[in-house]
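In: fold the stuff below for me.
(chains A, B, C, D, E and F)
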Protein chains: 6
Amino acid sequence: KVKEPQETEFVMMREGQILFTYLHLAAEPRLTNFLLERKITAIGYETVQINGYLPLLTPMSEIAGRMATQIGARLMEKKYGGRGILIGGVTGVPAAEVVILGAGTVGSNAARVALGMGAHVTVLDRVPQRLRELSHLSQGQITTFVSRPYNIEKAVKYADLVISAVLVPGGKTPCLITEEMVKKMKPGSVIIDVSIDQGGAVETIRATSHSNPTFIKHGVVHYAVPNIPGAVPRTSTVALTNGTLPYIQDLAGKGFKKAVLEDPALAKGVNTYRGAVVNEAVAMAHALQFTPLEKLL
Amino acid sequence: KVKEPQETEFVMMREGQILFTYLHLAAEPRLTNFLLERKITAIGYETVQINGYLPLLTPMSEIAGRMATQIGARLMEKKYGGRGILIGGVTGVPAAEVVILGAGTVGSNAARVALGMGAHVTVLDRVPQRLRELSHLSQGQITTFVSRPYNIEKAVKYADLVISAVLVPGGKTPCLITEEMVKKMKPGSVIIDVSIDQGGAVETIRATSHSNPTFIKHGVVHYAVPNIPGAVPRTSTVALTNGTLPYIQDLAGKGFKKAVLEDPALAKGVNTYRGAVVNEAVAMAHALQFTPLEKLL
Amino acid sequence: KVKEPQETEFVMMREGQILFTYLHLAAEPRLTNFLLERKITAIGYETVQINGYLPLLTPMSEIAGRMATQIGARLMEKKYGGRGILIGGVTGVPAAEVVILGAGTVGSNAARVALGMGAHVTVLDRVPQRLRELSHLSQGQITTFVSRPYNIEKAVKYADLVISAVLVPGGKTPCLITEEMVKKMKPGSVIIDVSIDQGGAVETIRATSHSNPTFIKHGVVHYAVPNIPGAVPRTSTVALTNGTLPYIQDLAGKGFKKAVLEDPALAKGVNTYRGAVVNEAVAMAHALQFTPLEKLL
Amino acid sequence: KVKEPQETEFVMMREGQILFTYLHLAAEPRLTNFLLERKITAIGYETVQINGYLPLLTPMSEIAGRMATQIGARLMEKKYGGRGILIGGVTGVPAAEVVILGAGTVGSNAARVALGMGAHVTVLDRVPQRLRELSHLSQGQITTFVSRPYNIEKAVKYADLVISAVLVPGGKTPCLITEEMVKKMKPGSVIIDVSIDQGGAVETIRATSHSNPTFIKHGVVHYAVPNIPGAVPRTSTVALTNGTLPYIQDLAGKGFKKAVLEDPALAKGVNTYRGAVVNEAVAMAHALQFTPLEKLL
Amino acid sequence: KVKEPQETEFVMMREGQILFTYLHLAAEPRLTNFLLERKITAIGYETVQINGYLPLLTPMSEIAGRMATQIGARLMEKKYGGRGILIGGVTGVPAAEVVILGAGTVGSNAARVALGMGAHVTVLDRVPQRLRELSHLSQGQITTFVSRPYNIEKAVKYADLVISAVLVPGGKTPCLITEEMVKKMKPGSVIIDVSIDQGGAVETIRATSHSNPTFIKHGVVHYAVPNIPGAVPRTSTVALTNGTLPYIQDLAGKGFKKAVLEDPALAKGVNTYRGAVVNEAVAMAHALQFTPLEKLL
Amino acid sequence: KVKEPQETEFVMMREGQILFTYLHLAAEPRLTNFLLERKITAIGYETVQINGYLPLLTPMSEIAGRMATQIGARLMEKKYGGRGILIGGVTGVPAAEVVILGAGTVGSNAARVALGMGAHVTVLDRVPQRLRELSHLSQGQITTFVSRPYNIEKAVKYADLVISAVLVPGGKTPCLITEEMVKKMKPGSVIIDVSIDQGGAVETIRATSHSNPTFIKHGVVHYAVPNIPGAVPRTSTVALTNGTLPYIQDLAGKGFKKAVLEDPALAKGVNTYRGAVVNEAVAMAHALQFTPLEKLL
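Out: Alright, predicted model coming up:
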């Protein structure tokens, strides 16, 4: 099961050991201090980076996107508070309208499954070029809108299922769907907010859990479980290991220094080293001093 | 050019000659009389029939259906009175809504081209099973409704382009789109009535011509040129000849009697023979006596 | 909600009234007696028939088939006892193996959604020609096997999700998946038995309910809720009404006799009339006398 | 309607005002002088640029490309002088051969619609890698040739419709189709020259207008209306606004200086500022002095 | 290996035994006599028939059709005498033109593989309706012609690969491709004649063998191995057994009489029974007396 | 025929002449010396490079990839030692499992043809992002694994056909499939090693020839003909000329110096010039002195 690391597990770590996992230190002051005090070499999956591409976040985003549609289809059933409709419709009954905010990895994977299940799909994104690519890959089957309040409001109003897949790398998600918009949605429609980790993009949302996944507000079913891939741990573990194993092999085989010097992607992943913060964003978040990693090697 | 036969051409025919073309005698009392008087053997393309399938009408219906969408796309341009929209939309701008009445040969061919041009397509038909097949062939990309006044009104209201492809074999088309419905359509939307030959399925329609193809009523562009395939005569001629040639070869090679005796499909095509009406519907239409063909052979 | 009719509702019926709904009288001796005593004209949705095609059963089968895959995808999640895998897999992680018994309406709709969600799909049917058509429609993406014990065992063994869509019209489903086969399935794999209405095709199955939908046996998640379309009542109601409305309009507009005389499909739907059993299978099931409907009209 | 700005509208502008529209100053000496004299801040849509990608030209190219095929399909009708064929053909009659010069935005959109309408499509481009991508996206349905005189001549000869989509950024289109080649084309074939803005790529072409769109030379229908998207103003306006609005919001919200300093794409769009030419190509075209924008901010 | 039965194997058969295999007795006078003398019950795979559908021939036709394209692709290689081209072409090089005569099971399977390999595919058939269905299933990617000498000659001339898939059930294949047409084919083009079992449809063809599969005439590579499925015995055996096993189980389980009485498809398969010819075509072929099977049971 | 250049042809070259062809000098010490002594300007197709893209290698890789699947399909026939199966299977018989190592140009083209022929396709690559793109382009039809010994062994074991398409630019292919893995493969399965030019990725492989293309080891058919595109010389020549002609025109039109100065891609292609080695890798391979080309111009 893809669990977030627990504090008790960290307490057992000793100076000089390497911690390689999801860290999100900018939001974790206590954990940051702990890592600095123990002089732990902490490498965050979420900061490993190759030319802007985040190889250890992408597989989880793929899974979250695909799951989001699947979960949304379920929540449209009557017993979950939904409208009691089948996502793909059936002969003589129109398919559900699925509106997806964001054409990144989460959004495009959600769109792909929604199309496959027979839904009508609308995707909104700020960047027209990204919509263009998505449209081409789907042979023009997706309706696209540039993400602006006017368009968001229009789309959300006709939606049966809204998937918020807006991820602002390393920042808080902007609130794109206001409470006013939610009030205008059809009763029984569904919102899945995949961006809840970063605060969510919906004014009425709050984090829910795998055991109690939804609540209803203004007649709309809200779902915002933070760790969606945790529902399919076998798939998630293999997908994640596909990404992490080569780095682990490098760290184990070459040792930390050689591995980091030879692979700038891995070097970008290092957050704390020998009691110093070597990631600028983390340093800024906690008003700590930033030391470039190169200086310490 | 696929022209309807002109009277002057018929006058030159003599007794015993075979006339093999589109006849539609039920609507042509004068022509019927002429053929009976001259004792012409008249075979109507439209009545040749194999197990309910009309081999000499189908190719023209295929062409009319495909042309209907193409013409509709053009009429959406501003200068023809349309809404000034592109049928397939473009990144960030939704595609046009194309609503097709009838899932027969005309309708399914219109739908196919509309999908290919990137439109959103809705098809209505009285028979769910036909919608099912169409939906399967289009991989579920088409929205289907059972054809009922409630559904027709709903679909026509959101349509940018309505194609009426309702053909009642050998009868007058029922009026499915009332003037009230047309009034509720979006200004600049377009109606193409392919069923105009049989009176049309739209209350506000009247036949137009290739030279003056449209008129605007209640803000809606109406198009109802009877002989749509005439616009692409080369394609139409080859398509039609594909169907007629084997019959012509049989008539020429075996002679009328043998040809008709050996091929029940061709026999069904015979309308008048030796001064007698041998097609029951034609006889009924003009209150003439019906003689079964077999009796005369 | 598409509910089975309750007895209390019937008690209020009076002689001569028409009951038009799902009846399944062969399995309902008390209801049959009641209808005969009260001389109610009972028309069963499930026996209306046009050339072997059942227009009032097909829409429910379409919905059940599509829902089956969607439910199966959900049950593969860890918390439902499944293997914790994503049906469509993800880059670097293979998709789930979905094995479907039966290539009829239920099976082909289940297959279509499974393909759309990215699964590997295997379909088994006794009739090769049906597999051929399904294979063509899916552009060859489906693996097909002729349904024989050897092939069923082989497929069930590698399946992550088994959907039993075997419907024997008007009879009890044969047991195709034995307990021995279930024991050999992967732990955490899932069985959905859509044919539970007719007894089910799996030795270890028993009917479950929307409120308590699954049980685990031999490590395999079993799901067998009889009325699957009940989960999406809005879609189901519209789909069903598409089929029933024309008959209701006929019954209301023309009266029973005229309606039944003019439409042999509806006539086939009549089960009891004026105190007589007019459906042969029902008569046989309860050892009652059978009277052909024509004799009574 | 997407009109080119008229001189009368410019005369009303005053010093310091911002003009943000299509400018093409390199070809407009009088307009350039006017903007310099009045010290107008002129930003040209066509020079806004992100890594070689032109976000305010692309939507118009998409529309022009899709319209080109649609217009070509129409001109193949007999009454426009075409061969009288249906672009997608019909059962037993082959589809039209559509030959597209250029695999950029215009060409690939023209190709997509042509494929969707059922045509046989050939695309030529100088760069094999671009053909490769197009071929992959179309699942190999497009025939590709490297653009060389030999291949152009061969393709043009078998074409029913030629679409010239050759755009040389900021330069005059080379003449790729010579008069000799046009003479060898089939009578009634059609040429659409989308590159007419930049002089056209066909020796026999000259600009035509929406009101008089075609002329026939050597038996070939020529179409070269410069502003094709003007035919669908609603779609064009939304598509264009999708691109321009964020820049307008920045200019209005932050003021010119801040907006331009923060967004290098917008900075590249500036042509004249405070009486100086800040775009090198424009300066060169009119032998004026070039001042880098940064110097003036 | 799917072998034709050898005479030595028959000699060991005794009176009353059942022979169930491919027989083709109309072309085998000696075998017919032998079966009659020994009073063997001979059931021919090729005459088992359900409503005109031949369940034991279809799987072999599917395999032969798919193999035909695969073999054709190989023979286009230089070393086999072909033109040295890749069937699907490559970026900048057009695909091969594959021309298929016949849109039945062999032809449509050959077309499907050819499309999948990226070829341009033309199919000819006498029946437009069959072309229509094939065109729909292939989403209009196939060029279709009605099979007439004029069209055959035209298509064969531009073909790189011709596949003759013309099967006239129970009769000799007509010669559709004359020597004159072969002479006009491109040097190095390839002909695969799947209909060689019934004499072939090409004037210049003669049967070849798996060990010596081709000869070259008029510069054209000819391939006409009678038993194409024999090259992939594992696939062929399973495919065939899928069809034959249910009949074998019936024959073994119920005995011949009951099996034949209950299953008219199997009854149609019987050719000789108790020394009598019970298949009319076989009787006619050898001028023997025909006895209907029912009379003998 | 795309032949490797023969030594005899080189002997005739004189000082100052330009040699423009495939060179692979790093592996050719004698040829390198000869070119240096004769002061020949040698440009290697394989080192011409635009941003890491190799325009003169890619077309050959496309052809090799497509041919690899086609050859593999053939070798699965019984007579070549294969399992006697049809690559795409047939109704009721599963398709072959095709496992491809490497998702570059060779691998993705091999996968495309394999999918088109109806096979089940698995692709392995070290880089997940490349698998992601391939998966998207194939609409998720391909199973992907990250290339690791564990996954390779798993996939090779279930494969009917393995295609090794692992190309390490300018280096020796690593051995990915060990002899142990080959031993575990199914008897009659097939290995095609496209990377044989660089030593091959299979422990049991050795180069074979067009005339004697396969050998069998551990029951597995091995194929490793180095110059696969040579089998389809017409396609290969056109594809190659598409890439080389513009360079030849530049060299002929502008002269070597100007051509090389204006086109850095061509400059990268130069290996020897005026008796100096100007390609660093070649210099290193033969321990010769490296001189940057710019110094000599």
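
In: next, count neighbours for A:Glu97.
Out: 21 (other CB atoms under 10 Å in any protein chain shown). C-beta here means a position set from N, CA and C on the backbone, and glycine is covered the same way.

In: what's opposite it in the beta bridge?
Out: A:His120 (DSSP bridges).

In: could you check the pLDDT of it?
Out: Here, the pLDDT recorded for A:Glu97 equals 98.

In: tell me how far it lies from E:Met13.
Out: 68 Å (CB to CB, to the nearest Å).

In: which part of chain A gets nearest to chain E, residue-wise?
Out: Residue of chain A nearest chain E, by CB to the nearest CB: A:Gln139 (10.8 Å).

In: tell me the secondary structure at A:Ile100.
Out: strand (DSSP: H, G, I helix; E, B strand; the rest coil).

In: residues from chain A in reach of chain C?
Out: Remark: the part of chain A in contact with chain C comprises A:1, A:59, A:62-63, A:66-67, A:70, A:73-74, A:76-79, A:83-93, A:112-113, A:115-118, A:210, A:231-235, A:238-239, A:242, using CB under 8 Å from any CB of the partner chain.

In: just the buried members of those residues?
Out: A:59, A:62-63, A:66-67, A:70, A:73-74, A:76-78, A:83-93, A:112-113, A:115-118, A:231-235, A:238-239, A:242 (16 or more other CB atoms under 10 Å in any protein chain shown).

In: skipping its backbone neighbours, what lies nearest the residue of chain A found nearest chain D in space?
Out: Sorted by distance to chain D under CB to the nearest CB, the residues of chain A start with A:Val146, at 4.2 Å. In space, and not counting its chain neighbours, A:Val146 is closest to D:Asn242: 4.2 Å by CB to CB, 6 or more residues apart in numbering or on different chains.

In: pretty sure that neighbour is touching B:Gly92, no?
Out: Yes: contact criterion CB atoms under 8 Å: D:Asn242 and B:Gly92 qualify, at 4.2 Å.

In: overlap of the contact sets of those two?
Out: Counting by CB atoms under 8 Å, 6 or more residues apart in numbering or on different chains, the common neighbours of D:Asn242 and B:Gly92 are A:128, A:146, D:59.

In: hmm, A:Val202 is touching A:Pro174, no?
Out: No: shown here, A:Val202 and A:Pro174 do not form a contact pair, counting by CB under 8 Å, at 10.8 Å.

In: settle it for me: which of these two has more neighbours?
Out: A direct count of neighbours by other CB under 10 Å for A:Val202 and A:Pro174 places A:Val202 higher, at 29 against 11.

In: the nearest residue to that one once chain neighbours are set aside: neighbour count?
Out: Taking CB to CB, 6+ apart, and ignoring the residues beside it in sequence, A:Val202 has A:Ile177 as its nearest neighbour in space, at 4.4 Å. Using other CB under 10 Å, A:Ile177 is surrounded by 26 other residues.

In: distance of A:Ile177 from F:Glu28?
Out: A:Ile177 sits 65 Å away from F:Glu28, going by CB to CB.

In: what does A:Leu296 give?
Out: Counting by CB to CB - A:Leu296 and F:Glu28 are separated by 47 Å.

In: which one of those two has more residues nearby?
Out: More crowded of A:Leu296 and F:Glu28, by other CB under 10 Å: F:Glu28, with 16 against 13.

In: now do that one against chain A, distance only.
Out: 31 Å (CB to the nearest CB, to the nearest Å).

In: phi, psi of that residue?
Out: F:Glu28 adopts backbone torsions of phi -130, psi 80, taken as degrees, to the nearest 10.

In: all strands of chain A, in order?
Out: Here chain A has its strands, by DSSP state E, at A:18-21, A:41-44, A:97-101, A:120-125, A:143-146, A:161-164, A:190-193, A:214-217, A:220-223, A:270-273, A:276-277.

In: does stretch A:121-130 reach chain D?
Out: Yes: legend: contact between stretch A:121-130 and chain D by CB under 8 Å from any CB is shown at A:126, A:128-129.

In: is that stretch anywhere near chain B?
Out: Yes: with CB under 8 Å from any CB as the measure, stretch A:121-130 is seen reaching chain B through A:Pro128.

In: in that stretch, what counts as buried?
Out: Counting neighbours by 16+ other CB under 10 Å, stretch A:121-130 gives A:121-125, A:128, A:130 as buried.

In: now tabulate those residues in a markdown table and tack on pLDDT.
Out: Below are the buried residues of stretch A:121-130 laid out as a markdown table (pLDDT from 0 to 100):
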| residue | pLDDT |
| --- | --- |
| A:Val121 | 97 |
| A:Thr122 | 97 |
| A:Val123 | 97 |
| A:Leu124 | 97 |
| A:Asp125 | 95 |
| A:Pro128 | 90 |
| A:Arg130 | 92 |
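
In: out of the residues you listed, who's nearest B:Gly102?
Out: Checking the buried residues of stretch A:121-130 against B:Gly102 by CB to CB gives A:Val121 as the nearest, at 27.2 Å.

In: touching, that closest one and A:Leu115? I think so.
Out: Yes: if you go by CB under 8 Å, A:Val121 and A:Leu115 touch, sitting 5.5 Å apart.

In: any common contacting residues for those two?
Out: By CB under 8 Å, 6+ apart, A:Val121 and A:Leu115 have these common neighbours: A:138, A:141-142.

In: ok, so of those residues, who is nearest C:Pro264?
Out: Of all those, A:Gln141 has the smallest distance to C:Pro264: 41.0 Å, by CB to CB.

In: tally of neighbours for the closest one?
Out: Applying other CB under 10 Å, we find 17 residues neighbouring A:Gln141.

In: which residue comes closest to it once chain neighbours are left out?
Out: Nearest residue to A:Gln141, sequence neighbours excluded (CB to CB, 6+ apart): A:Leu115, at 5.8 Å.

In: got the contact list for that neighbour?
Out: Counting by CB under 8 Å, 6+ apart, A:Leu115 touches A:121, A:138, A:141-142, C:116.

In: how near is it to A:Leu86?
Out: 15 Å.

In: can you check A:Lys258 too?
Out: As judged by CB to CB, A:Lys258 and A:Leu86 stand 56 Å apart.

In: for A:Gly16, same thing?
Out: As judged by CB to CB, A:Gly16 and A:Leu86 stand 57 Å apart.

In: again, but for A:Pro226
Out: Per CB to CB, A:Pro226 is found 28 Å from A:Leu86.

In: what does A:Val238 give?
Out: 31 Å.

In: and the residue of chain A found nearest chain C, what does it touch?
Out: Of all residues in chain A, A:Gly116 sits closest to chain C, at 2.9 Å by CB to the nearest CB. Residues in contact with A:Gly116 (CB under 8 Å, 6+ apart) are C:88, C:113, C:115-118, F:140.

In: mind checking pLDDT for the residue of the stretch 101-250 of chain A found nearest chain F?
Out: Evaluated by CB to the nearest CB, the stretch 101-250 of chain A has A:Asn242 as its residue closest to chain F, separated by 4.2 Å. Looking at A:Asn242, its pLDDT stands at 91.
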